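Q: Please work out how this folds:
(4 chains)
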Number of protein chains: 2
Amino acid sequence: MSSATQYLADALKALAQPTRLKIIDFLRGGERCVCEIFPSIDEEQSNTSRHLNQMQTHGILSRRKDGVKIYYAIKHPEVFEIIDLASAIVKREIELRSSLINNVEN
Amino acid sequence: MSSATQYLADALKALAQPTRLKIIDFLRGGERCVCEIFPSIDEEQSNTSRHLNQMQTHGILSRRKDGVKIYYAIKHPEVFEIIDLASAIVKREIELRSSLINNVEN
DNA sequence: GCAATATATGACTATACAATCATATATTGC
DNA sequence: GCAATATATGATTGTATAGTCATATATTGC
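A: Purely as a prediction, here's the structure:
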């Protein structure tokens, strides 16, 4: 397999996970090393490393080595756009649902 | 749990699957009933129904009943923008990787 | 060369997910 | 009311995923 659709699904899947979203959000501030990332997002070093690796493999993050430290950064600016658009959807959905509840109550 | 980050991850996850991407792509043509969708994407009726249900639950699709038929449509136009942005990333990544291979060969 | 620091990885577990098959539940026209 | 059509769902299975713990592998400064 591994058609174009599968590649696209894999790229989106690389974003669609809470720990990875926390990492991406932290990287809005620019390139950061693992030793800065995992304490900031409050996850274990090993778990953070796996998620960073996964995102790098799927082309979401760039990786740069400097001495003993590994620096990760968002590779394509579209990543932020995607997340902002998805956030807009979620926000609108929550509004829609709470207004539905209000209509039932009134 | 179910924080804002979890909601966001769930929304993205609702897009990040090949069968669901095929459905979304088919719905670029507008509202369609299940009986049109599942033959077009070449998936089983029951499987298609589950994915449609999942996307509707997560606010990706709208659902409208007309007689015995159920019509689904993309609820938020941002869905298409997200997928187009993700496609652009995948395309650029593939280009980057094939140019790396060329550099090794030459 | 050794200790300290940074990162990655093997082994494992628990949970989530996708797909399939069979079947249930509308809705409609006759 | 019955047959036909459209959609949804219960039960099951195989596979993927996230997280944890322990440990391995750089790299650096001394």
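Q: Going by C-alpha atoms from here, please, whenever you check contacts or count neighbours.
A: OK.
Q: sec struct for the most centrally placed residue in chain A, please.
A: Centroid check for chain A by CA atoms, centre = their mean gives residue A:21 as the closest residue, at 3.0 Å. With DSSP: H, G, I helix; E, B strand; the rest coil as the basis, residue A:21 sits in helix.
Q: what residues are up against the nearest residue to residue A:30 once chain neighbours are set aside?
A: Once flanking residues are discounted, residue A:30 sits nearest to residue A:73: 6.2 Å by CA to CA, 6 or more residues apart in numbering or on different chains. Shown in contact with residue A:73 (CA atoms under 8 Å, 6 or more residues apart in numbering or on different chains): A:27, A:30-32, A:61-63.
Q: and what of residue A:76?
A: A:60-61, B:89.
Q: how about the residues of chain A near DNA strand D?
A: Selection of chain A residues close to DNA strand D by CA under 7 Å from any atom of the strand yields A:17-19, A:43-44, A:46-47, A:51, A:66-68.
Q: re the thing from before, my read is the residue nearest to residue A:30 is in a strand, agree?
A: Yes - assessed with three-state DSSP, residue A:73 lies in a strand.
Q: Need the pLDDT of it.
A: Here, the pLDDT recorded for residue A:73 equals 98.
Q: One more: the one 5 residues further on?
A: According to the predicted model, the pLDDT of residue A:78 comes to 98.
Q: buried stuff in the top helix by length along chain A?
A: Within chain A, and with DSSP state H defining each element, the longest helix by residue count is helix A:78-105. Neighbour counts using 16 or more other CA atoms under 10 Å in any protein chain shown place A:78-79, A:82-83, A:85-87, A:89-90, A:93 of helix A:78-105 among the buried residues.
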